[in-house]
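Asker: quick one, structure for this:
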Amino acid sequence: MILRRLHAFRNRKRPDHLFPGLTRGRAGELRSELRHTLAEKGATVRFDGRHAIIEHPRRGRVTVNLENLIGDVAASQHPKAAHTMARAFVTSILDGEHAEDLGTADLYAGLRLRIVSTKNLVPEEADIVAAATLHEFTVDTAVTLVLDTERSIQTMPLERLREVDSLDTLVRAARNNLREELLGARVHAQTHPGSEERPGAYFRSFESGSYYVASAPLLLEEVLYAWAPDLDQSRGVLFAIPARHVLLVREISTGEDLLEGIGRLAPVAAQLAVDGTHTVSPLLHMWHEGEVTTLSSFDPQAKELKITPTPYLLDLIARG
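Answerer: Next up, the predicted model:
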């Protein structure tokens, strides 16, 4: 018993790598204070690294960056800093600036298109996503409108936005903002080669701290021209968006090379999605002549992956 208590005490004193500057004990206290304060306002929260994803019955889904709050708590010596600062922070987010309080210019500047998962959502999440959905993108994702401000990212119900302007106009602004976001993001690009036995089992990955990397397929052709100008898009592109910050791609080739690429990329995407904490889609998709087609299905419980190439891909494989 004494040894267990000593071990727990030592763990509390270790640094919390997700909340830099805080020990595990103080970081746990801050998370608890945020949960408690949000619960008082009828909201729930889950943590994604240094972000909090808040579900509120009136505000919808709001994603907030906690870095400034973490820094303020870390810099304070007051024993109740986590309590008082968490309450002030929640009040500023939920009772402060609303979308309707923004000027038209600020609202237009904050709009973004975003691809989100439509599978395995709790009812509250499903309602929020449905209210903000413009259209289905793949069999397991949808395109939504979000409002990205200095303090938060809020999923926006379309009915509320229709009061501001026509959806077509707002979507054009959101698309332009997404383009600017992606082309300005600091992206880590990496090539993953095949093996000596399976040289075609190669693909590329793109990772960034931006919340919108998984939304890059909405502008895939022009984004890849910027991120991978040597990638051959002439036959189309295989892609996967297993997590919010990750995009996997591979050019569509022919013959055994293409077959090996599909066989490598599909399981990698599924595994990254299963292991990740902010999954978007575990499936493999194809972009060809402006159309998106899903090529795989995945059962995470049975861990069964099924790949179904289209006639177009089967013809290319047969050309080998």
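
Asker: check the protein for its longest helix and report it.
Answerer: helix 255-275 (DSSP state H).

Asker: number of nearby residues for P217?
Answerer: By other CB atoms under 10 Å, the residues close to P217 number 25. For every residue, glycine as well, the C-beta is placed using N, CA and C.

Asker: what of S195?
Answerer: Look at S195: counted by other CB under 10 Å, it has 11 neighbours.

Asker: Three-state assignment for the closest residue to it other than its chain neighbours, please.
Answerer: With CB to CB, 6 or more residues apart in numbering as the criterion, S195 has its nearest non-adjacent residue at 6.3 Å, and that residue is A201. Using DSSP: H, G, I helix; E, B strand; the rest coil, the structure places A201 in coil.

Asker: got phi/psi on A201?
Answerer: phi -80, psi 50 (degrees, to the nearest 10).

Asker: how about L248?
Answerer: Per-residue torsions, L248: phi -110, psi 140 (degrees, to the nearest 10).

Asker: packing partners for the longest helix of the chain?
Answerer: strand 203-207, strand 237-240, strand 246-251, strand 296-299, strand 304-307, helix 311-318 (3 or more CB pairs under 8 Å, 6 or more residues apart in numbering; DSSP states H and E).

Asker: could you redo the last one with a cut-off of 6 Å?
Answerer: Secondary-structure packing of helix 255-275 (3 or more CB pairs under 6 Å, 6 or more residues apart in numbering; DSSP states H and E): strand 246-251, strand 304-307, helix 311-318.

Asker: and the angle for that helix with helix 311-318?
Answerer: 130 degrees (axes from the mean of the first three to the mean of the last three CA atoms, to 10 degrees).

Asker: and the average pLDDT for helix 255-275 is what?
Answerer: Mean per-residue pLDDT for helix 255-275: 95.

Asker: kindly report the same for stretch 115-134.
Answerer: The average pLDDT within stretch 115-134 is 86.

Asker: can you list contacts of it?
Answerer: For stretch 115-134, the surrounding residues in contact (CB atoms under 6 Å, 6 or more residues apart in numbering) are 55, 60-61, 137, 140-145, 155-157, 214-215, 280.

Asker: how about 7 Å then?
Answerer: Outside stretch 115-134, the residues that touch it by CB atoms under 7 Å, 6 or more residues apart in numbering are 55, 60-61, 137, 140-145, 155-158, 171, 214-215, 217-218, 241, 279-281.

Asker: mind checking which of those land in helices?
Answerer: With DSSP H as the criterion, helices contain L158, V171 from among these.

Asker: give me the buried entries from the contacts of stretch 115-134.
Answerer: Buried subset of the contacts of stretch 115-134 (neighbour count, 16 or more other CB atoms under 10 Å): 55, 60-61, 137, 140-145, 155-157, 171, 214-215, 217-218, 241, 279-281.
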